[in-house]
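K.L.:
Pasting the sequence and the predicted model now:
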Amino acid sequence: MSSLGHQLQGTLSAVGRAVSVLKNSTQLGKDGGEQHTITPDATDMGSGEDDDKQEVFQSHVINMDTSTKTKVDLVLDWVRTNLLLTLTIGGVLVGVVIGFLGRLATFSDESIMLISFPGEILMRLLKMFILPLIISSLVAGMAQLDAQSSGRMGSIALLYYIVTTILAAIVGIFMVLVIHPGDPSIKTHVEGGSTDTKVSTLDAILDIIRNLFPDNLMQACFQQVQTSYKKVNKPLVFHEPNSSDDSPGFILKPQLVYKDGTNVMGMIVFCLAFGLLAGQMGTKARLMVDFFVVLNDIVMKLVGVVMWYSPFGILCLIAGKIMSIENLAATAQQLGLYMITVILGLLVHALITLPSIYYMFTRKNPAVFFQGMLQAWVTALGTASSAATLPITFRCLEENNKIDSRVTRFVVAVGATVNMDGTALYEAVAAIFIAQMNGIPLGIGEVITVSLTATLASVGAASIPSAALITMLLVLSALGLPTSDISLLFAVDWLLDRLRTSINVLGDAYGAGIVYHLTKDDLARMDADRVLDTVDSGLVANVKTSETADSIVSRPTPAGSSETQI
């Protein structure tokens, strides 16, 4: 007790000296920086060591008061703290500059390919992580949720996906009807291609459902099913002598074929079910769950290494793409108003719609949330792939915005596949633009059809190979518009694809933030229950150990000696 009293007395003495120093330093500032000698209290003069400590503490306080950081120092500190983000933004800007400067010279296709090659390596690295990341994150995330929490989380996420996608399509329709970028004279300057691709809305819906339930899980990792139409010769039919048959000599017969491309939606359905059931099995499946948790952590660490290569890769991607475009000025002049319409619609959705929904549910500043997602947003601009950006999205949400990994593994992994706000807006604008260009008026019924079809097409985009072509054909076919005009839009799709992908990533991120805010109480309850279960299991183990020890008894043998027996 005496030593404790001495320690307490020493602590109080140190606090008193600190207060004295602070008062004197404040007085020093008020006196215009004059030099003052600060004398310790008489009660503390007996200890030379304490005097030395006081002088050191005093000097630190004075240095803190007198030293001020300039704006340049603050900027340098921010750059050091956000070095990777700064390099990525710099890579985008430098890539744009190099791309436009490179257009002043004449480069062969081989030279442009070599310039883009580091960017191609980046895309291959990021795509390599997609499948293991989706599998490990979904299984690990679902296994750590109970049925009630996962159901509530899934229902909130699904409602958010539907609402934001429909709102995005409505924003696009409003912008294209107000600006009216479609002009019939555009078709006279830009020749459209032709396509023989037959697309049916019913076939597209059935393909989505088929891919949800793959018949071969291994094949789903690299192929997905799609309805294709094959030309088959018509059987010979003899007609009357005076009759004629002007119909074509072939018919289109539907058949199911497998196209290259990961069946992401099928893998998601399987992993969701697998993870949910593994979580319900408790300790029996703990080893399996731990395997996927560790796998997810390893993949994320690999992603962290690749991210330092991304600034250079994005630079090469953008520079090579800009240099490879033919007739950039003519294309911008003819389709400039269409590009402005899409860009304005994406800006409205990104700066007004999504932040408003986020603030309405969380009452938090969406600008701060967006700042945490800046790295993922810039990466999406460079790669034009929300799936390839998925690893960076995970890191930004969990490390910068402090979103629970159980939410990100579920909401973002699913959202990167089915929540395509930017795609829905783009396809709605493109469909009405083509109608305006052909002089076809659209009534309220057709406009509603555009909204619903664009929403459906964006949801199923991940399950349809060549999604940019097939989903747009789906929207045009639903309205009876000429599908050959879609080739007009490919000239500017390289830029709009990057912009709408960045909006898709932002939509997933805001959705994760909303779901986490609405379910964090459930997650905290689950954590508390898990701690209680751990404590209970420990108590049970201790009781069993005690009972086992008590069962070891010593009893006499017939010979009179003692023998220990269990």
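P.N.:
Good, I have the coordinates.
K.L.:
where are the low-confidence patches of this protein?
P.N.:
1-69, 185-200, 234-250, 460-470, 533-566 (pLDDT under 70).
K.L.:
mind giving me the domain ranges of it?
P.N.:
2-66, 79-524 (automatic domain parsing).
K.L.:
closest one to Asp73 among those?
P.N.:
Across the domains of the chain, Asp73 has its closest neighbour in domain 79-524 (10.5 Å, CB to CB). For glycine as for every other residue, the C-beta is placed from the backbone atoms N, C-alpha and C.
K.L.:
Can you give me the end-to-end span of the closest one?
P.N.:
Distance between the two ends of domain 79-524: 35 Å, counting by CA to CA, to the nearest Å.
K.L.:
how far does that domain sit from the chain's center?
P.N.:
Counting by CA atoms, centre = their mean, to the nearest Å, domain 79-524 is centred 11 Å from the centre of its parent chain.
K.L.:
do the same with stretch 74-87
P.N.:
22 Å.
K.L.:
hang on, the earlier thing: go through the domains of the chain and pick out the most buried.
P.N.:
Comparing those by mean neighbour count (mean count of other CB atoms under 10 Å), domain 79-524 ranks first with a mean of 18.
K.L.:
Going along the chain, name the helices of the stretch 1-150 of the chain.
P.N.:
2-30, 48-66, 71-81, 83-102, 109-143, 147-179 (DSSP state H, counting those that start in this stretch).
K.L.:
Which strands and helices lie in contact with the longest one?
P.N.:
In this case it means helix 109-143. For helix 109-143, the elements it packs on are helix 264-280, helix 286-307, helix 310-324, helix 374-383, helix 390-395, helix 405-418, judged by 3 or more CB pairs under 8 Å, 6 or more residues apart in numbering; DSSP states H and E.
K.L.:
Out of these, the one nearest Ala491 is which?
P.N.:
helix 310-324 (11.9 Å).
K.L.:
Restrict that closest one to CA atoms and write it as PDB.
P.N.:
Below are the C-alpha coordinates for helix 310-324, written out as PDB (Å, rounded to 0.1, in the frame of the first residue of the first chain):
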ATOM      1  CA  SER A 310      -2.100  -0.100 -61.000                       C
ATOM      2  CA  PRO A 311      -1.100   3.600 -61.600                       C
ATOM      3  CA  PHE A 312       1.300   2.600 -64.400                       C
ATOM      4  CA  GLY A 313      -1.100   0.000 -65.800                       C
ATOM      5  CA  ILE A 314      -3.900   2.500 -65.900                       C
ATOM      6  CA  LEU A 315      -1.700   5.100 -67.600                       C
ATOM      7  CA  CYS A 316      -0.800   2.600 -70.400                       C
ATOM      8  CA  LEU A 317      -4.500   1.500 -70.800                       C
ATOM      9  CA  ILE A 318      -5.800   5.100 -71.300                       C
ATOM     10  CA  ALA A 319      -2.900   6.200 -73.400                       C
ATOM     11  CA  GLY A 320      -3.200   3.200 -75.800                       C
ATOM     12  CA  LYS A 321      -7.000   3.500 -76.000                       C
ATOM     13  CA  ILE A 322      -6.900   7.200 -77.000                       C
ATOM     14  CA  MET A 323      -4.200   6.600 -79.500                       C
ATOM     15  CA  SER A 324      -6.100   3.700 -81.200                       C
END
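K.L.:
Follow the chain on from it and name the next helix or strand.
P.N.:
helix 328-348 (DSSP states H and E).
K.L.:
In terms of secondary structure, what does the next helix-or-strand element following that following helix contact?
P.N.:
Of the helices and strands lying after helix 328-348 in sequence (DSSP H and E), the nearest is helix 354-362. Helices and strands touching helix 354-362, by 3+ CB pairs under 8 Å, 6+ apart, are helix 147-179, helix 366-372, helix 493-550.
K.L.:
Kindly present those helices as a markdown table, with separate columns for distance to Trp78.
P.N.:
As requested, the helices and strands packed on helix 354-362 are exported to a markdown table (distance: least, CB to CB, whole Å):
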| stretch | distance to Trp78 |
| --- | --- |
| helix 147-179 | 32 |
| helix 366-372 | 11 |
| helix 493-550 | 22 |
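K.L.:
still on that earlier bit, Leu122: which of the helices and strands packed on helix 109-143 is closest?
P.N.:
That would be helix 310-324 among those, by CB to CB, at 2.8 Å.
K.L.:
now the angle between helix 83-102 and that closest one, please.
P.N.:
20 degrees (axes from the mean of the first three to the mean of the last three CA atoms, to 10 degrees).
K.L.:
which residues are contacting helix 310-324?
P.N.:
84, 87-88, 90-92, 94-96, 98-100, 102-103, 107, 109, 112-113, 115-123, 328, 378-379, 381-383, 392, 494 (CB atoms under 8 Å, 6 or more residues apart in numbering).
K.L.:
got it, and stretch 515-524?
P.N.:
Taking CB under 8 Å, 6+ apart as the rule, stretch 515-524 contacts 148-149, 152-153, 156-157, 160, 361-362, 364, 403-404, 406-407, 411.
K.L.:
Of those, which is the nearest to Leu335?
P.N.:
Nearest to Leu335 among the contacts of stretch 515-524, with distances taken as CB to CB, is Tyr160, at 32.7 Å.
K.L.:
check contacts around that closest one.
P.N.:
Ile357, Asn419, Gly511, Ile514, Val515.
K.L.:
Make CSV from those residues and add distance to Thr471 to it.
P.N.:
As requested, those are exported to CSV (distance: CB to CB, whole Å):
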residue, distance to Thr471
Ile357, 24
Asn419, 15
Gly511, 21
Ile514, 26
Val515, 26
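K.L.:
what's the closest non-adjacent residue to the residue positioned nearest the centre of the chain?
P.N.:
The residue lying closest to the centre of the chain (CA atoms, centre = their mean) is Thr393, at 3.9 Å. Nearest residue to Thr393, sequence neighbours excluded (CB to CB, 6 or more residues apart in numbering): Ala376, at 4.5 Å.
K.L.:
how far away is the one you found from Lys127?
P.N.:
According to CB to CB, to the nearest Å, Ala376 and Lys127 sit 16 Å apart.
K.L.:
Check Leu206 too.
P.N.:
27 Å.
K.L.:
ok, back up a step: mind telling me the two of the contacts of stretch 515-524 farthest from one another?
P.N.:
Gln148 and Lys364 (25.5 Å).
K.L.:
Is Ile251 in a helix, a strand, or coil?
P.N.:
strand (DSSP: H, G, I helix; E, B strand; the rest coil).
K.L.:
likewise the one 3 residues further on?
P.N.:
Three states are possible here, and by three-state DSSP the one that applies to Pro254 is strand.
K.L.:
Verify the stated contact: it with Tyr229.
P.N.:
Yes - counting by CB atoms under 8 Å, Pro254 does reach Tyr229; the two are 5.6 Å apart.
K.L.:
Kind regards, and thank you for your time.
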